[in-house]
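Enquirer: have a look at this fold, sequence not included:
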């Protein structure tokens, strides 16, 4: 202990041996300051930082040059995340006691880790900003900012407390409680944190009470062995109806599960089988259709063969008939019945005859036809002259049929029809007359006159 | 029941590094020893 006037070391007496100043009160003050420092140190040791802070502040109010007290106060600030206040205390401490001061060591260590100092400084700025937000009523912004502060400076007690207060205000009791617990882990004697903790417990109690009330209204609680069972009031555990209802509901749920889980798989399987069967049947159908087509082709071929055979048989029959008719025609010609001979010749199919027979047929045909034509024409002309037009037309038709270029027969045929009053047929044959005869002939003139008169 | 507005008034902005010097200069460091000296001085002056 040194004299406050001259700095000489003091003895047990109340006066300075060097300058003679009365130091009784001064000694008393130093003693008080030291006592407060000791109490602060004890509190700091048990992490009652708030209590320690108060005692150390008081100690420094009594005697500002109590360097251990100031250094310890700086440490307390540092531990509570307030680095700037800590630095302030250590700088003042160093100013009062420049030599052999542990504050020097603290300052150097803080300044060495400049990034941490910057981070702490930034966190303090953000804390100030969030305090401003909170005062302006922007609590959500304040919460966001405070979370950032605490992520970089987790020991900043004021930030925890402010966050807890906001959570309490927002009735987020559990969150508030967490923050308060964190504060108390840093600073066990923090009165503000204790008050907030009481508040959270009070609100928690209210909540649980209301919850219990709800339970008691809606449920019945009873103890079975070591367990407390809370059961809805309207629940009747052993009710027969309820058991029956449960079975029905369980059965329905089971059915629904089967329907929604197993049925689709089975349906898919059945559908797949059906598709396979359809494909199989389709293949079989195709094969059968192909067989039917082949059989139809065979039937067609058989029909064609049959028709060919029939044609051949018919041709064979016609060949015989043709030869028979040719023979009959020769017989009729020999008997000078040229009309019958010509009729028989008409039945002959020339293409079925052999070459020799064909030649014979053509010779006979030419001879018989010429004679038949002559005979028929004479007959027809005779009928015409006798005004028997029907008979005349009948004979002359045959002539025109055998010799279409026979203009005389055609003319008399037209005349017969004219006589019979069959103007259409008369007109037909008159037109033919005009074609066959030159215009200058009398018959052609007659035909043209008729045609002009009957357009 | 905690009053939010009242509680908020208990919080103060924290010092920033840039404010250390100003804070130290402006701080009232008068202690009881200073007061005692002043009192002794005043008494002596009155005499």
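Expert: That came through fine. This one's a predicted model, so the numbers in the text were calculated from it and none came from an experiment. Residues are numbered from 1 along each chain as shown, chains lettered A, B, ... in the order given.
Enquirer: only C-alpha atoms from now on, for both contacts and neighbour counts.
Expert: OK.
Enquirer: residue numbers of chain A in contact with chain B?
Expert: A:26, A:29, A:60-64, A:82, A:84-85, A:87-88, A:92, A:121, A:124-125, A:127-128, A:131, A:135, A:158, A:162, A:165-166, A:169, A:196, A:199 (Cα under 8 Å from any Cα of the partner chain).
Enquirer: so where is the chain shaky, pLDDT-wise?
Expert: Just so you know, I chose chain A. Within chain A, the segments meeting pLDDT under 70 span A:207-239.
Enquirer: residue 40: neighbour count?
Expert: Since no chain was named, I'll use chain A. Neighbours of residue A:40 under the rule other Cα atoms under 10 Å in any protein chain shown: 27.
Enquirer: not quite, I wanted chain B
Expert: Around residue B:40 there are 12 residues (other Cα under 10 Å).
Enquirer: using the three-state scheme, assign the residue in the stretch 351-455 of chain A that chain B sits nearest to.
Expert: Going by Cα to the nearest Cα, chain B is nearest to residue A:455 of the stretch 351-455 of chain A, at 131.8 Å. Using DSSP: H, G, I helix; E, B strand; the rest coil, the structure places residue A:455 in coil.
Enquirer: what's the separation between it and residue A:416?
Expert: Residue A:455 sits 19 Å away from residue A:416, going by Cα to Cα, to the nearest Å.
Enquirer: same check, this time on residue A:304
Expert: Residue A:304 is 49 Å from residue A:416, by Cα to Cα.
Enquirer: residue B:36 too?
Expert: 182 Å.
Enquirer: same question for residue A:39.
Expert: Plainly put, residue A:39 is 171 Å away from residue A:416 if you go by Cα to Cα.
Enquirer: would you state the helices of chain B in chain order?
Expert: Counting by DSSP state H, the segments of chain B that form helices are B:4-8, B:20-26, B:32-46.
Enquirer: the stretch 301-450 of chain A now?
Expert: For the stretch 301-450 of chain A, the helices defined by DSSP state H, counting those that start in this stretch cover A:338-347, A:355-385, A:389-402, A:407-420, A:423-436, A:442-453.
Enquirer: which other helices and strands does the fourth one contact?
Expert: To tie it back to what came earlier, the one meant is helix A:407-420. helix A:355-385, helix A:389-402, helix A:423-436 (3 or more Cα pairs under 8 Å, 6 or more residues apart in numbering or on different chains; DSSP states H and E).
Enquirer: chain center to the last one: distance?
Expert: What that stands for is helix A:423-436. 87 Å (Cα atoms, centre = their mean, to the nearest Å).
Enquirer: make CSV from the helices of the stretch 301-450 of chain A and add mean neighbour count to it.
Expert: Shown next, in CSV, are these (neighbours: other Cα atoms under 10 Å in any protein chain shown):
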stretch, mean neighbour count
helix A:338-347, 22
helix A:355-385, 18
helix A:389-402, 21
helix A:407-420, 24
helix A:423-436, 20
helix A:442-453, 16
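Enquirer: distance to residue A:268 added to those, as JSON lines?
Expert: Listed next are the helices of the stretch 301-450 of chain A as JSON lines, based on distance: least, Cα to Cα, whole Å:
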{"stretch": "helix A:338-347", "distance to residue A:268": "78"}
{"stretch": "helix A:355-385", "distance to residue A:268": "80"}
{"stretch": "helix A:389-402", "distance to residue A:268": "83"}
{"stretch": "helix A:407-420", "distance to residue A:268": "89"}
{"stretch": "helix A:423-436", "distance to residue A:268": "83"}
{"stretch": "helix A:442-453", "distance to residue A:268": "89"}
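Enquirer: not counting its neighbours along the chain, what's nearest the residue in the stretch 101-250 of chain A positioned nearest to chain B?
Expert: Closest to chain B within the stretch 101-250 of chain A is residue A:128: 5.1 Å, counting by Cα to the nearest Cα. Computed as Cα to Cα, 6 or more residues apart in numbering or on different chains, the closest residue to residue A:128 that is not its neighbour in sequence is residue B:13, at 5.1 Å.
Enquirer: distance of that neighbour from residue A:318?
Expert: 139 Å.
Enquirer: distance check, the residue nearest to residue A:405 when sequence neighbours are not counted against residue A:258.
Expert: Sequence neighbours aside, residue A:436 is the residue nearest to residue A:405 in space, at 7.0 Å (criterion: Cα to Cα, 6+ apart). Between residue A:436 and residue A:258 the computed distance is 102 Å (Cα to Cα).
Enquirer: so what's the closest residue to residue A:358 other than its chain neighbours up against?
Expert: Excluding the flanking residues, the one nearest residue A:358 by Cα to Cα, 6+ apart is residue A:350, at 6.2 Å. By Cα atoms under 8 Å, 6 or more residues apart in numbering or on different chains, the contact list for residue A:350 reads A:322, A:358, A:361.
Enquirer: run a quick neighbour tally on the first one.
Expert: Put plainly, it is residue A:322. Quick note: residue A:322 (other Cα under 10 Å) scores 24 neighbours.
Enquirer: what's the answer for residue A:182, then?
Expert: Residues near residue A:182, counting by other Cα under 10 Å: 19.
Enquirer: from memory it sits against residue A:161, does it?
Expert: No - using Cα atoms under 8 Å as the test, residue A:182 is too far from residue A:161 to be in contact (9.3 Å).
Enquirer: and for the residue nearest to residue A:128, the neighbour number?
Expert: 14.
Enquirer: my read is that it contacts residue A:130, right?
Expert: No - using Cα under 8 Å, residue B:13 is not in contact with residue A:130; the gap is 9.6 Å.
Enquirer: circling back to that earlier point, need the helices of chain B in a markdown table with distance to chain A and mean pLDDT, can you?
Expert: Output for these, formatted as a markdown table (distance: least, Cα to the nearest Cα, whole Å; pLDDT from 0 to 100):
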| stretch | distance to chain A | mean pLDDT |
| --- | --- | --- |
| helix B:4-8 | 6 | 91 |
| helix B:20-26 | 6 | 90 |
| helix B:32-46 | 5 | 87 |
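Enquirer: make TSV from those and add distance to residue A:289 to it.
Expert: Listed next are these as TSV, based on distance: least, Cα to Cα, whole Å:
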stretch	distance to residue A:289
helix B:4-8	95
helix B:20-26	107
helix B:32-46	126
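Enquirer: phi, psi for residue 13 please.
Expert: In the absence of a named chain, chain A is used. phi -70, psi 160 (degrees, to the nearest 10).
Enquirer: I was after chain B.
Expert: phi -60, psi 140.
Enquirer: one more: residue A:337?
Expert: The phi and psi values for residue A:337, taken as degrees, to the nearest 10, are phi -100, psi 80.
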